[in-house]
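*Asks:* structural data only, the sequence is not supplied:
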């Protein structure tokens, strides 16, 4: 499934893996939950408890790709890399 398809289907959660200072500097998406990449393993349960698809994003797509890889290695299949913050904003605007 593409990010566009996941968004149009609904039942998804946005997870921003940037650091809090990046959100303050660059902005944030209101409905997105912030779990910095460095905290992903410690906060794993927060993500696994979410029903539906999980879309990760960061500044460029690199860290969100690492988060997706981590959760896939844990057996999850409903995780997606939304790319960078600006990419995610454009996807949401086009809904």
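*Replies:* Received, thanks. Predicted model only: the values in this text are computed from it and were never measured.
*Asks:* okay, which residue is most central for this protein?
*Replies:* In the chain, the residue lying closest to the centroid (C-alpha atoms, centre = their mean) is residue 56, at 1.5 Å.
*Asks:* next, give phi and psi for it.
*Replies:* Main-chain dihedrals, residue 56, degrees, to the nearest 10: phi -100, psi 140.
*Asks:* same question for residue 12.
*Replies:* Dihedral angles of residue 12 (phi, psi; degrees, to the nearest 10) stand at phi -140, psi 160.
*Asks:* picking up where we left off before, is the residue nearest to the centre of the chain in contact with residue 17, as I believe?
*Replies:* Yes. Applying C-beta atoms under 8 Å, one finds residue 56 in contact with residue 17, separated by 5.6 Å. Quick note: C-beta positions are derived from backbone N, CA and C, even for glycine.
*Asks:* and for those two, which residues touch both?
*Replies:* Counting by C-beta atoms under 8 Å, 6 or more residues apart in numbering, the contacts common to residue 56 and residue 17 are 64, 67.
*Asks:* go through the protein and flag its longest helix.
*Replies:* For the chain, the helix with the greatest residue count under DSSP state H is helix 62-73.
*Asks:* what's the helix or strand for the residue of the chain most remote from its centre?
*Replies:* What lies farthest from the middle of the chain is residue 25; by C-alpha atoms, centre = their mean that is 18.4 Å. If you go by DSSP states H and E, residue 25 is part of helix 20-26.
*Asks:* any idea which helix or strand comes after that helix?
*Replies:* Following helix 20-26 in sequence, per DSSP H and E, is strand 33-34.
*Asks:* okay, now the sheet partners of that next one, with direction.
*Replies:* strand 12-16 (parallel) (DSSP bridges).
*Asks:* next, the buried residues of stretch 76-84.
*Replies:* For stretch 76-84, burial by neighbour count (16 or more other C-beta atoms under 10 Å) applies to 78-84.
*Asks:* put together CSV for the residues you listed, with secondary structure, pLDDT and distance to residue 3 on each row.
*Replies:* Output for these, formatted as CSV (DSSP: H, G, I helix; E, B strand; the rest coil; pLDDT from 0 to 100; distance: C-beta to C-beta, whole Å):
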residue, secondary structure, pLDDT, distance to residue 3
78, coil, 97, 13
79, strand, 98, 12
80, strand, 98, 6
81, strand, 98, 8
82, strand, 97, 5
83, strand, 97, 8
84, strand, 97, 12
